[in-house]
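Requesting a structural model of the entry that follows:
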Amino acid sequence: MSSLLKKLLQFILFLSIGLSIMYYLFHKNQIAYLDYCQLQQIPVENCSLLNKLKQDFSTLHYFWIFMIFVGFAMTNYSRTVRWQIILKTMNYNTRFANAYCAINVGYLANLGFPRIGEFVRAMIFSKYEKLPFDKVFGSVVLDRIADMLSFLLLILLAVALDFPLFQTFFTKYAHIPTFNLNYYIVGLLIVVAALLFFFRAIILELSLVKKFASLISGVWEGIRSIRNLKERNQFIIHTILIWVWFFLMFVFACKSFEPTANLPIVPMLVVYVFGSFGVFIPSPGGMGTYHFMVILGLGLYGLQQADAFSFANIAFTFGQFFALIIFGVGSLIALPWFNKSR
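Okay, here's the model as predicted:
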């Protein structure tokens with residue numbers, strides 16, 4: 001199977017997952033909307049969820065929609081500065097424009113192939129800055145580790161601010177799976193480990209293994225640079241600003257839609273955390289999974305389900321789709337222009 005065909009099939013698979021979840025959510029919410037209409041004695045012919053979605057989009061406050069794009073630009077500004085601090089610690093002085101555009105293109109790539117954005121970002125940046133890919137990718141890994149740690153702190157903050165809601169969520173919806181480790185699995189793991197140990201000399205000489213080891217070495221060098229991090233205070237400040245702007249994008253989306261405009265700040269933060277979990281699940285840009293988690297979070301706060309469905313589509317369309325396309329495509333066009341003298 002050719003590489004292009006393989007990537008095409010992967011894209012179709014992930015897109016199918018996203019669209020399937022979207023269809024399921026639409027069908028489920030249409031039924032809930034009909035039940036709501038029946039309770040409110042609204043005629044069935046006036047209860048099309050699709051028509052409601054169109055109506056809700058037409059009544060948005062577009063100043064706040066514009067502010068979503070401002071937030072996206074600002075969070076990527078702080079991400080770029082933070083990334084350059086990591087690269088500077090590795091003794092690489094880089095151009096801000098190339099780093100900023102590479103980040104935007106990486107986000108754009110995630111719309112097609114979930115989690116591929118980090119590779120694309122490192123590949124494009126190493127090309128334009130003439131730097132080793134493994135070292136650049138190591139800096140990207142460190143950047144994402146910083147994101148993961150700061151997001152865990154954000155989760156703890158959300159739980160602390162509204163513990164009863166998370167308790168309700170885990171009681172009603174979240175069930176931790178169990179895994180039985182029997183003797184057969186243990187025996188198989190021991191046999192595999194023994195084979196790897198006895199044939200390690202042969203395995204280490206394989207070309208693919210050498211390339212992988214070289215990549216891991218470069219990644220590890222990037223991670224180790226955290227010990228000698230230059231401008232540590234700036235690094236921490238921009239890490240905080242990244243998440244402040246991300247959250248403000250969600251706040252702006254809430255303000256743009258009448259049913260969520262007056263939602264208190266704590267529920268906004270909690271629902272934002274729910275939506276972020278949805279983005280982590282492999283589907284293009286969080287399509288479907290983001291919607292599901294946002295609808296679930298808003299539902300726990302008592303928002304009518306059809307309104308929650310509309311809001312999830314509003315937040316995703318402008319914050320997760322149009323922003324990524326506009327900034328990503330713009331960056332693809334700008335990169336050759338920024339580097340034409342080189």
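
Mind jotting down where the helices sit in the stretch 201-342 of the chain?
Assigned helices in the stretch 201-342 of the chain, in chain order: 207-224, 232-256, 258-261, 265-280, 289-300, 305-315, 323-338 (criterion: DSSP state H, counting those that start in this stretch).

From V140, how far out is S331?
Going from S331 to V140 by C-beta to C-beta, to the nearest Å gives 16 Å. C-beta coordinates here come from the backbone N, C-alpha and C atoms, glycine included.

Show the contacting residues for F311.
Taking C-beta atoms under 8 Å, 6 or more residues apart in numbering, we find F311 in contact with A253, C254, F257, P259, T260, V294, L298, L303.

Please repeat the previous calculation with a cut-off of 6 Å.
The neighbours of F311, taking C-beta atoms under 6 Å, 6 or more residues apart in numbering as the test, are F257, T260.

can you tell me which of the helices of the stretch 201-342 of the chain comes nearest to V192?
Among the helices of the stretch 201-342 of the chain, helix 207-224 comes nearest to V192, with 15.9 Å by C-beta to C-beta.

same question for that closest one, mean pLDDT?
Mean per-residue pLDDT for helix 207-224: 61.

Can you give me the pLDDT of I202?
At I202 the predicted local confidence, pLDDT, stands at 68.

how about the helix or strand in which R79 is found: buried residues?
Using DSSP states H and E, the secondary-structure element containing R79 is helix 62-89. Residues of helix 62-89 classed as buried: 64-65, 67-69, 71-72, 74-89 (neighbour count, 16 or more other C-beta atoms under 10 Å).

Next: stretch 149-167.
F151, L154, A158, D162, L165, F166.

Can I get those in TSV including pLDDT, distance to V191 and secondary structure?
Written out in TSV, the entries for these read as follows (pLDDT from 0 to 100; distance: C-beta to C-beta, whole Å; DSSP: H, G, I helix; E, B strand; the rest coil):
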residue	pLDDT	distance to V191	secondary structure
F151	90	38	helix
L154	92	43	helix
A158	93	44	helix
D162	92	49	coil
L165	89	47	helix
F166	86	42	helix
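
from the residues you listed, which single one is nearest L269?
Within the buried residues of stretch 149-167, the smallest distance to L269 is 5.5 Å, found for A158 (C-beta to C-beta).

Would you mind confirming that that closest one makes contact with L269?
Yes. A158 lies in contact with L269 (C-beta atoms under 6 Å); the separation is 5.5 Å.

Quick check, pLDDT for the residue positioned nearest the centre of the chain.
Note on the chain: the residue nearest the mean C-alpha position is V279, at 4.4 Å, using C-alpha atoms, centre = their mean. For V279, the pLDDT comes out at 73.

Verify the contact between it and Y290 for me.
Yes. Contact between V279 and Y290 holds when scored by C-beta under 6 Å: they sit 5.4 Å apart.

Return the distance of S256 relative to L53.
As defined by C-beta to C-beta, S256 lies at a distance of 14 Å from L53.

More neighbours: these two, which one.
Taking neighbours as other C-beta atoms under 10 Å, S256 and L53 compare with S256 leading, 23 against 17.

What residues does the closest residue to the more buried one other than its chain neighbours make contact with?
Distances taken as C-beta to C-beta, 6 or more residues apart in numbering put W64 closest to S256, at 3.7 Å, once the chain neighbours are dropped. Residues touching W64, when contacts are defined by C-beta under 6 Å, 6+ apart, comprise F252, K255, S256.

Let me see the contact set for the last one.
Read it as S256. Residues near S256 by C-beta under 6 Å, 6+ apart: L60, H61, W64, I65.

repeat that with 7 Å
Under the criterion of C-beta atoms under 7 Å, 6 or more residues apart in numbering, the neighbours of S256 are L60, H61, W64, I65, I314.

so the first one touches E258, yeah?
No. With the criterion set as C-beta atoms under 7 Å, L60 and E258 do not qualify as a contacting pair; they are 8.8 Å apart.

between those two, who's got more neighbours?
Between L60 and E258, L60 has the larger neighbour count (other C-beta under 10 Å), namely 17 against 13.

Give me the nearest residue to that one, chain neighbours excluded.
Nearest in space to L60, with sequence neighbours left out and distances taken as C-beta to C-beta, 6+ apart, is S256 at 4.9 Å.

same check, this time on G275
Nearest residue to G275 in three dimensions, chain neighbours excluded: V294, at 4.5 Å (C-beta to C-beta, 6+ apart).
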